[in-house]
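J.: My questions concern the predicted model and sequence given below.
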Amino acid sequence: MDLTLKIWRQAGPEAKGEMKTYPISGVEDDMSFLEMLDFLNEELIENGVEPVVFDHDCREGICGMCSLFINGEAHGPGRKVTTCQLHMREFSSGDTIYIEPFRAKAFPVIKDLMVDRTSFDRIQRAGGYISVNTSGNTIDANSIPVRKNDADRAFDAATCIGCGACVATCKNSSAMLFVSAKVSQFSLLPQGQPEARDRVLSMVNQMDLEGFGNCTNTGACEVECPKGISLENIARMNRDYLFASLSSNK
Ligand code: SF4
Ligand code: FES
């Protein structure tokens, strides 16, 4: 397969970036998108050109490190796939592929296609946890009854891998889908109740401090989310936030 790649190159956070063109030949259908970039980088290194910087880790769709805006879509064409699970068979020889970083004020570019998503880590630190008594009197989690429906919805919310595609896709750069998933995975379970009010207030507050935009119910985030996180989590978080605001002294 012969392709023309148009890739965003940016030397550093303050540098002016630009799209650069790289023709590439010999790409195979069964290569993943990231393997195709590895293949390009080997060629660039051989020719004395600095390789393209991009994020990746597990390459199995579970860590949330890969990103990339491919032909104008977060994680590229296809639904419920991460960039690392996208295969070159989705493209045809002769195609031109535009590859850009996830763009949002709260995700500044570090270099080329790599962006800083530590704003998500700070939101998690603000409340994305539960406290458990580990003094020796810990109650076995399996002994606490949880309704099947609640367990399923909590599990679905917990499948969010924190990739940030929802932010990159949203016209407001809103992180509401991510934050609502991280709030819901606890708020639906008995273990999450003691800190429920503080959690939703603190995580939403941190989200605002990080400079993410607000949700205007467009729904693009849900469409592009590789894990199919539902908008119903945003509605639940908004209810939890309202309740917590009215009943909190904070
Ligand atoms: S909600 Fe979906 S798109 Fe957003 S961070 Fe989680 S997995 Fe990624
Ligand atoms: S590299 Fe881990 S989800 Fe893509």
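T.: Perfect, thanks for sending it. Ligands and ions are numbered 1, 2, ... in the order given.
J.: Am I right that E42 is in a strand?
T.: No. The assignment for E42, made by DSSP: H, G, I helix; E, B strand; the rest coil, is helix rather than a strand.
J.: residues near it, how many?
T.: 11 (other CB atoms under 10 Å). All C-beta atoms are positioned from the backbone trio N, CA, C, and that covers glycine.
J.: And it, how close does it get to V52?
T.: In this view, E42 and V52 are 11 Å apart by CB to CB, to the nearest Å.
J.: what does L231 give?
T.: According to CB to CB, L231 and V52 sit 34 Å apart.
J.: Between these two, point out the one with more neighbours.
T.: Legend: neighbour count by other CB under 10 Å for L231 and V52, higher for V52 (21 against 18).
J.: What sits closest to that one if chain neighbours are left out?
T.: Closest residue in space to V52, ignoring its immediate chain neighbours: D112 at 5.3 Å, by CB to CB, 6 or more residues apart in numbering.
J.: contacting residues for the one you found?
T.: 7-10, 52-54, 101 (CB atoms under 8 Å, 6 or more residues apart in numbering).
J.: Could you do M31 as well?
T.: Taking CB under 8 Å, 6+ apart, we find M31 in contact with 39, 87-88.
J.: Now do it against E60, distance only.
T.: Look at M31 and E60: by CB to CB, they are 16 Å apart.
J.: Then I110?
T.: The gap separating I110 from E60 is 23 Å, by CB to CB.
J.: The two: who's more crowded?
T.: I110 (16 against 9).
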